[in-house]
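1. just coords:
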Ligand code: COA
């Protein structure tokens with residue numbers, strides 16, 4: 001690699017891999033479980049089916065390992081050369097004990113700095129910024145960033161307002177110093193702590209420790225004020241994307257692809273309209289996976305990888321619990 005060592009290294013995504021469980025939970029299946037129907041779910045969310053890891057052995061860590069191994073095998077990468085393993089998740093295998101060290105050990109990266117990052121649906125985007133900064137610092141050379149969530153482990157399948165949205169999945173990217181001029185250009189991020197009251201798992205944290213009453217009341221399941229979250233999501237995915245275009249002097253027609261967090265097709269459509277890009281440039285797979293939280297954007301990268309060419313301009317944008325949000329600009333590396 002030829003670069004001026006006095007300049008920070010530009011980081012780039014150089015490989016992707018993914019894993020989704022085999023089991024499909026369709027809208028028709030959900031209609032047997034709660035008072036809903038296929039037409040309502042499709043028209044209000046764009047979701048047709050989602051994947052569920054039914055095997056109790058297949059927790060978030062297992063899915064993350066599968067995604068990582070698919071990446072390593074595809075590019076024939078020696079896992080001992082990975083010096084950071086970063087798992088973005090809100091559904092770690094254990095509340096206490098990060099999932100990343102387990103994943104790193106299992107894939108053969110026992111020498112890596114391994115930790116979890118919790119930024120809900122923005123987790124992958126925040127992880128990409130973190131990974132890129134680690135590369136730019138010159139202190140790290142190969143960061144394996146994984147977005148993985150077993151949302152079915154915190155979803156109440158008697159609550160029709162949440163159980164229709166979420167699915168399970170994992171996807172991984174390798175972040176390395178770019179060997180050309182393309183890679184991670186930068187991001188615009190934001191937060192608003194009001195989100196902790198509008199979208200959360202109420203009990204089980206230090207604020208409201210778990211007890212028998214909270215269990216009986218279902219306070220260990222994910223809850224949200226859907227309509228309010230919807231408005232925040234549209235507002236901030238759109239405004240951060242527009243701020244990003246402004247910062248990098250980009251017009252909407254210079255963008256090749258937009259990869260939005262897959263929470264609701266109507267959120268994606270409203271964001272697209274605000275940014276002003278054509279529909280065919282906005283990548284979606286929400287119909288088949290639903291909202292897989294930290295896995296949505298890397299799953300898009302994996303599903304559409306063959307479509308990208310070197311130098312393509314990609315905008316990634318997400319919104320999630322916290323609230324957290326942001327948009328990142330990538331020039332595709334390979
Ligand atoms: N099936 C049928 N009816 C349903 C339903 C379901 N699964 N869920 C809710 N409804 C009903 C409501 O009870 C309500 O009925 P009412 O008018 O008689 O009171 C009606 O549909 C409208 O409810 P509302 O909550 O306003 O629906 P919505 O259009 O906002 O869609 C969400 C609900 C959850 C799909 C939507 O708000 C959403 O996607 N929010 C963002 C969620 C999100 O992104 N979360 C993750 C953060 S990244």
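-> Perfect, thanks for sending it. Just so it is clear, the structure is predicted and the values come from calculations on it, not from any experiment. Numbering: from 1, shown residues only.
2. For the residue nearest to the spatial centre of the chain, give me its contacts.
-> What sits nearest the mean C-alpha location of the chain, by C-alpha atoms, centre = their mean, is residue 294, with 2.7 Å. Contact partners of residue 294, counting by C-beta atoms under 8 Å, 6 or more residues apart in numbering, are 88-90, 119-121, 123-124, 127, 147-149. No exception for glycine: its C-beta is placed from N, CA and C like everyone else's.
3. Which among those residues count as buried?
-> Among these, those classed as buried by 16 or more other C-beta atoms under 10 Å are 88-90, 119-121, 123-124, 127, 147-149.
4. and the protein, which residues reach the ligand?
-> Proximity of the chain to the ligand, by C-beta under 6 Å from any ligand atom, involves residues 36, 40-41, 44-45, 121, 160-161, 164, 199, 224, 226-227, 229-230, 233, 263-264, 291, 319-320.
5. Give me the domain ranges for the chain.
-> 11-177, 184-331 (automatic domain parsing).
6. Give me the distance from stretch 40-60 to the chain's centre.
-> 15 Å (C-alpha atoms, centre = their mean, to the nearest Å).
7. Give me the buried positions along that stretch.
-> Under 16+ other C-beta under 10 Å, the buried positions of stretch 40-60 are 41, 45-53, 58-60.
8. just to revisit the earlier point, dump the contacts of residue 294 into CSV; add distance to residue 194 as well.
-> Formatted as CSV, these follow (distance: C-beta to C-beta, whole Å):
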residue, distance to residue 194
88, 22
89, 23
90, 18
119, 16
120, 14
121, 16
123, 19
124, 23
127, 23
147, 24
148, 27
149, 23
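9. wait, which of the residues you listed is closest to the ligand?
-> residue 121 (3.9 Å; C-beta to the nearest ligand atom).
10. For that closest one, what are phi and psi?
-> phi -70, psi -10 (degrees, to the nearest 10).
11. per-residue confidence at it?
-> Looking at residue 121, its pLDDT is 98.
12. can I assume it is in contact with residue 293?
-> Yes: using C-beta atoms under 8 Å, residue 121 makes contact with residue 293 at a distance of 5.2 Å.
13. Could you name every residue contacting both of the two?
-> residue 320.
14. Remind me what the longest helix seen in the chain packs against, helices and strands.
-> Longest helix of the chain, by residue count under DSSP state H: helix 226-247. Judged by 3 or more C-beta pairs under 8 Å, 6 or more residues apart in numbering; DSSP states H and E, helix 226-247 is in contact with strand 184-191, helix 195-198, helix 265-275, strand 313-320, strand 324-331.
15. could you give the mean pLDDT of that helix?
-> 97.
16. hmm, back to that, could you report the separation of the residue nearest to the centre of the chain from residue 95?
-> 16 Å (C-beta to C-beta, to the nearest Å).
17. same thing with residue 160?
-> Taken as C-beta to C-beta, the span from residue 160 to residue 95 is 27 Å.
18. ditto for residue 63
-> Distance, residue 63 to residue 95, by C-beta to C-beta: 18 Å.
19. For these two, work out which one has more neighbours and name it.
-> residue 63 (30 against 9; other C-beta atoms under 10 Å).
20. Show me the shaky parts of the stretch 1-150 of the chain.
-> 1-7 (pLDDT under 70).
21. redo that, cut-off 80
-> Applying pLDDT under 80 to the stretch 1-150 of the chain picks out residues 1-8.
22. those helices in the stretch 101-250 of the chain, which residues are they?
-> Taking DSSP state H, counting those that start in this stretch, the helices of the stretch 101-250 of the chain run over residues 123-136, 160-163, 195-198, 212-216, 226-247.
23. could these be laid out in JSON lines, adding distance to residue 314?
-> Converted to JSON lines, the helices of the stretch 101-250 of the chain look like this (distance: least, C-beta to C-beta, whole Å):
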{"stretch": "helix 123-136", "distance to residue 314": "11"}
{"stretch": "helix 160-163", "distance to residue 314": "30"}
{"stretch": "helix 195-198", "distance to residue 314": "26"}
{"stretch": "helix 212-216", "distance to residue 314": "42"}
{"stretch": "helix 226-247", "distance to residue 314": "11"}
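24. Could you say which of the ones you listed is packed most deeply?
-> helix 123-136 (a mean of 25; mean count of other C-beta atoms under 10 Å).
25. Count residues in the vicinity of residue 108, would you?
-> Neighbour tally, residue 108, other C-beta under 10 Å: 15.
26. Find the closest residue to the ligand in the stretch 101-250 of the chain.
-> Closest point on the stretch 101-250 of the chain to the ligand, by C-beta to the nearest ligand atom, is residue 226, at 3.0 Å.
27. so what's that residue up against?
-> Here residue 226 is in contact with 161-162 (C-beta under 8 Å, 6+ apart).
28. Tell me the spacing between it and residue 8.
-> 41 Å.
29. got it, and residue 69?
-> Look at residue 69 and residue 8: by C-beta to C-beta, they are 31 Å apart.
30. okay, the two: which has more neighbours?
-> Per other C-beta under 10 Å, whichever of residue 69 and residue 8 has more neighbours is residue 69, with 18 against 15.
31. Fine by me, thanks again.
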